[in-house]
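Undergrad: Sequence below, structure please.
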Amino acid sequence: MTGATAVTASGKKIWGLHPNVFFLGMVSLLTDVSSEMIFTLLPLFLANVLQVPMTIVGLVGGLSDSTEGIFKIFSGWFSDKIGKPKLLTVLGYGMATLVKPFMLVAASWGVVTGIRLGDRLGKGIRTSPRDALIADSVAAKERGRGFGLHRAMDTSGAFLGLAIAALIIYLTEGKALELTRVTYRSLVLVGIIPAVLAVLVLLIFVRERSKKTSPGGTSQPSALPGVKVGFDARFKIFLAIMALFTLGNSSDFFVILRAQNLQAPLVQVTLMLVLFNATYAAVSLPMGILSDRLGRRRVIALGWFIYALAYLGFALASSLWQIWVLFGLYGIYYGVVGGVTKAFVADMVGPGKRGTAYGFYNGLTAIILLPASLIAGWLWHSISPAATFYFGAGLAFMAMLGITIFIKE
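TA: Numbering: from 1, shown residues only. Alright, predicted model coming up:
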């Protein structure tokens, strides 16, 4: 049975795609409303409320992302082994929801780190099985569109979460430059509600996809011409290039702190993040569709070029209007590559190994965020904030050359 036929047979489509894509997008939307309210301003909570040094901020950001990466690898493999990606997806979202209320009482960076690790552990468990669910729910010719829609819905949640956060901050602090504990607790209290709703949507509306087998008994992908089953050389080279790029792609904590470094009031920082997510959401679906037509490699290379320009801008910026423009450009980068890279993984790997492949992809990039964030924190503290962004721009340009030269469609 082809991928297109399987999708049609499984139920009525929503926006032209299998219902799983829409409802998993809704789960991500609600989760991002919650997470953006609670965790996006975490570097400001650490720096403004707990008064920790910048090296600790980098450590918390990198350590939590790397812990997430280890479990992304394991959960992807385990999802393929047991054939129940929804079970692990529910477990991951549920775990992240359970730890969020503890931010109400966090009083030290060690406690914050523990809570953040619990949240990232949940994300590590859910991400690869969820991506496999999406890949298994769309035909090969629609993968870019499917992942693009998911990213658009996910990021719309971030947009909504930050818009609500900006309103709360404005009502409680006005145009203050720094975050207070009272305001942060208000953000946590409101942010818990959509996290609970997300788990309920996942439990009720998302369905496990059965994998069809060929007469020989092996799972066969619905793939584009020339796409091979298993881990081919392209996939391995792609992972290596992604590792290079990610080493310069440190935690977004530093982008937020760069805005505050240039004396942006807290409410403006939050609204900059709203702009970032608005552009991210607006670009994701069109870029996914474009990658279905022009190929993933070209679109990813374009995204990395935009990233390099944005990071050079953050290094050189000297006024707030420039930071506003750069947050919009940074959102465009995310929209260009966010869904397309995951669609590219599905192109290179058959359905019987997609959970494992997404585990390696998601896990590798997350693990490398620890040294990337430590390097970024050291460059910021020892040289200058601009040095952090020069380093990231240079590695992004090298990765762009790498994917253009060494990866073929």
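Undergrad: which SS class is residue 64?
TA: With DSSP: H, G, I helix; E, B strand; the rest coil as the basis, residue 64 sits in helix.
Undergrad: how about it, what does it touch?
TA: 113, 116, 117, 119, 120 (C-beta atoms under 8 Å, 6 or more residues apart in numbering). Placement of C-beta: from N, CA and C, glycine included.
Undergrad: What is the host helix or strand of residue 144 packed up against?
TA: Under the criterion DSSP states H and E, the helix or strand holding residue 144 is helix 143-173. Judged by 3 or more C-beta pairs under 8 Å, 6 or more residues apart in numbering; DSSP states H and E, the packing partners of helix 143-173 are helix 19-38, helix 109-136, helix 181-205, helix 266-294, helix 320-337, helix 340-348.
Undergrad: Out of these, flag the one nearest residue 166.
TA: For the helices and strands packed on helix 143-173, distance to residue 166 was read as C-beta to C-beta. The smallest value, 4.1 Å, belongs to helix 266-294.
Undergrad: related to what we said a few turns ago, out of the helices and strands packed on helix 143-173, which gets nearest to residue 367?
TA: If you check each of the helices and strands packed on helix 143-173 against residue 367 by C-beta to C-beta, helix 109-136 wins as the nearest, at 10.3 Å.
Undergrad: related to what we said a few turns ago, could you check the angle helix 320-337 makes with the helix holding residue 144?
TA: Orientation note: helix 143-173 sits at an angle of 150 degrees relative to helix 320-337 (axes from the mean of the first three to the mean of the last three C-alpha atoms, to 10 degrees).
Undergrad: Distance from helix 143-173 to the middle of the chain?
TA: Averaging C-alpha positions (C-alpha atoms, centre = their mean, to the nearest Å) puts helix 143-173 12 Å from its chain's average.
Undergrad: got it, and stretch 87-96?
TA: A distance of 16 Å separates the C-alpha centroid of stretch 87-96 from that of its chain, computed with C-alpha atoms, centre = their mean.
Undergrad: buried ones in that stretch?
TA: Counting neighbours by 16 or more other C-beta atoms under 10 Å, one finds that the buried residues in stretch 87-96 are 88, 89, 90, 92, 93, 94, 95, 96.
Undergrad: which SS class is the first one?
TA: The reference is to residue 88. Three-state assignment for residue 88 (three-state DSSP): helix.
Undergrad: Quick check: chain neighbours aside, which residue is closest to it?
TA: Spatial nearest neighbour of residue 88, chain neighbours left out: residue 129 (4.3 Å); criterion: C-beta to C-beta, 6 or more residues apart in numbering.
Undergrad: The last one too?
TA: With C-beta to C-beta, 6+ apart as the criterion, residue 96 has its nearest non-adjacent residue at 3.1 Å, and that residue is residue 122.
Undergrad: ok, now which ones touch the one you found?
TA: 91, 92, 93, 94, 95, 96, 97, 99.
Undergrad: any idea how far it lies from residue 51?
TA: Between residue 122 and residue 51 the distance, using C-beta to C-beta, to the nearest Å, works out to 28 Å.
Undergrad: cool, and residue 18?
TA: In this structure, residue 18 and residue 51 are 49 Å apart, going by C-beta to C-beta.
Undergrad: out of these two, which sits in the busier spot?
TA: Neighbours per residue, other C-beta atoms under 10 Å: of residue 18 and residue 51, the larger number sits with residue 18, 27 against 8.
Undergrad: Next one: the more buried one from residue 75, what distance?
TA: Between residue 18 and residue 75 the distance, using C-beta to C-beta, works out to 22 Å.
Undergrad: got it, and residue 364?
TA: 14 Å.
Undergrad: And for residue 104?
TA: Taking C-beta to C-beta as the measure, residue 104 and residue 75 are separated by 28 Å.
Undergrad: Among these two, which residue is more densely surrounded?
TA: In terms of neighbours (other C-beta under 10 Å), residue 75 is the more surrounded of residue 104 and residue 75; the figures are 30 against 12.
Undergrad: Dump stretch 62-79 to PDB, keeping only the CA atoms.
TA: Presented in PDB, the C-alpha positions along stretch 62-79 are these (Å, rounded to 0.1, in the frame of the first residue of the first chain):
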ATOM      1  CA  GLY A  62      23.900  23.400  27.300                       C
ATOM      2  CA  LEU A  63      23.500  20.700  30.000                       C
ATOM      3  CA  SER A  64      19.800  20.500  29.700                       C
ATOM      4  CA  ASP A  65      19.900  20.300  25.900                       C
ATOM      5  CA  SER A  66      22.600  17.600  26.000                       C
ATOM      6  CA  THR A  67      20.600  15.500  28.400                       C
ATOM      7  CA  GLU A  68      17.700  15.800  26.100                       C
ATOM      8  CA  GLY A  69      19.900  14.500  23.300                       C
ATOM      9  CA  ILE A  70      20.900  11.300  25.000                       C
ATOM     10  CA  PHE A  71      17.300  10.300  25.500                       C
ATOM     11  CA  LYS A  72      16.300  11.300  21.900                       C
ATOM     12  CA  ILE A  73      18.700   8.600  20.700                       C
ATOM     13  CA  PHE A  74      17.400   6.000  23.100                       C
ATOM     14  CA  SER A  75      13.700   6.800  22.600                       C
ATOM     15  CA  GLY A  76      14.000   6.700  18.800                       C
ATOM     16  CA  TRP A  77      15.600   3.200  18.900                       C
ATOM     17  CA  PHE A  78      13.200   1.900  21.500                       C
ATOM     18  CA  SER A  79      10.200   3.300  19.500                       C
END
